[in-house]
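> this one's structure only:
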């Protein structure tokens, strides 16, 4: 929940419900895709390949979160480049 609330600075005034609704829908769709792909990997691929894919997805998520949610030294959102 704290991660969702940290995205609050991306909101446009008056559209908070739309933002959180879209965020929830995207999370649900990504979760469904993750369960499907994870199940397929477990059944059809060797263990090393499965864990390599899981690690790559985790690394990609970490890099994207760090890039998209940059803050300055005071903790405020960084100015766009």
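Nice, I can see it. Just so it is clear, the structure is predicted and the values come from calculations on it, not from any experiment. Numbering: from 1, shown residues only.
> How about the contacts made by residue 25?
Residue 25 makes contact with no residue under the criterion CB atoms under 8 Å, 6 or more residues apart in numbering. (Glycine included, C-beta is placed from N, CA and C.)
> and it, that one's in a strand?
No. Assigned with DSSP: H, G, I helix; E, B strand; the rest coil, residue 25 falls outside any strand and is helix.
> ok, the residue nearest the centre of the chain to residue 33 distance?
The chain has residue 61 as the residue nearest its centroid, 5.8 Å off, counting by CA atoms, centre = their mean. In this view, residue 61 and residue 33 are 13 Å apart by CB to CB, to the nearest Å.
> Now the phi/psi pair for residue 42, please.
Dihedral pair for residue 42: phi -60, psi -40, per degrees, to the nearest 10.
> ditto for residue 45
Backbone geometry at residue 45, expressed as degrees, to the nearest 10, gives phi -130, psi 160.
> quick one: contacts for it?
residue 53 are the contacts of residue 45 under CB under 8 Å, 6+ apart.
> That'll do, ta.
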